[in-house]
Every structure is written in structure tokens, then in C-alpha cells.
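1. Predicted model and sequence follow; I will ask about them next.
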Amino acid sequence: MKKLLEIGEIVKPQGIKGEVKLVPYFENLKAYKSLKRVIIDGQSKEIVGARHDGSGVFLLLKGISDRNTAELMRKKMVFIPIDEAEPFRNGYFIVELEGLKVYVGEKSVGTLKEVLKTGSVDVFSVKGDKPFMVPYLNKLVSEIDLEKGIMVLDPNVFEEVVCYED
């Protein structure tokens, strides 16, 4: 199955012609206008129109032509295939990082299971022989190689910030 990138949540219908308002998860609102389709509830939906303003992104989806049908989309999460996400790229996506093998220096310590969004700094939850969490800090992460499927952490910084789970 292709990896999907979550790009926003539909919060309400907009107007009477079936348009929906999306709270975007990415700052580059112009990227939303370049989309041809999205995935909602596992179903591919063609985008007929897209626009944005300071309050959000508005999508008009094929097959949704009135407010009542648009209302059924409320609180739905919106995804795109990761291979169509280039307009949104500004570093790594969480979905790309989860599942990477984690090394501290040259020692394998586990697999990155989850990236927790805490507000101020993301936290990596790593499962292995001794599960732990570490904050995502530039000085901690010495290498991320998506092709090799690895993340390498600096051993010196690691010892300062690691929090082992019981």
C-alpha cells in the first residue's frame, strides 16, 4: 500500500454548491491549488476547484454539488499519496520517518515507531530492546537516509537528551 500524507481536515461546508473548507496542515497554501485529487475515507476524489484565503483552503470535489452532501464531509481527514507531495516538501514528512532503523553512532538501537507532535518540539518514540524517546534536535540527528531506511543519532548528544521508557 502506498504511504499517504495527511494534508488537512475538512471543518465545514462552504456555501451552497458543495465546496468544503479545509484546515491546512502545511503553510504553503499555493501547494493546495496544485492538487488534482485527494483521498478521503480511502476514496480518491477529483478536485474540480481549489482556492485559499487567510482562514483556510476551500475545495470543490467532483460528485459533491450541494451543501447537504458537503456536510457529510465534515471532520474528514484529507490525504494525498506521498509521491505527489513535492509541492508541500520542506524537509521530511513524519510518514517517511516512521519505520526507519535508528542507530546511535554505529550501534542499532531500534525502530522509529512514532513521531509525537508536542507543540514546541517533535519527539521520537523508538522501540527496541530498551525503548526510549528523544526530542528532534538538529544537533542530535546526524543523518537521515530514506533510501537506506536509517536515522543516525549523535552518541554524545543522545546521552544528554534520552529518556528511557520503563
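-> Right, received. Where do you want to start? Bear in mind the structure is a predicted one, so any value in this text is a computation, not a measurement.
2. what about the strands in the protein?
-> Secondary structure of the chain (DSSP state E): strands at 4-14, 19-24, 37-40, 43-53, 56-61, 77-81, 101-104, 107-117, 122-127, 132-135, 141-145, 150-153, 163-164.
3. Which positions within the longest helix seen in the chain qualify as buried?
-> Secondary structure of the chain per DSSP state H: the longest helix is helix 155-161. By 16 or more other Cβ atoms under 10 Å, the buried positions in helix 155-161 come out as 157-158. From N, CA and C alone the C-beta is placed, and that goes for glycine too.
4. repeat for stretch 120-131
-> Neighbour-count burial for stretch 120-131 flags 124-126 (criterion: 16+ other Cβ under 10 Å).
5. what does it contact?
-> 94, 97, 102, 108-116, 132-137, 164-165 (Cβ atoms under 8 Å, 6 or more residues apart in numbering).
6. and with 7 Å instead?
-> 102, 109-116, 132-136, 164-165 (Cβ atoms under 7 Å, 6 or more residues apart in numbering).
7. Which segments of this protein make up each domain?
-> Here the domain parsing of the chain from automatic domain parsing is 4-88, 94-164.
8. quick revisit: of the strands of the chain, flag the one that's most buried.
-> strand 56-61 (a mean of 22; mean count of other Cβ atoms under 10 Å).
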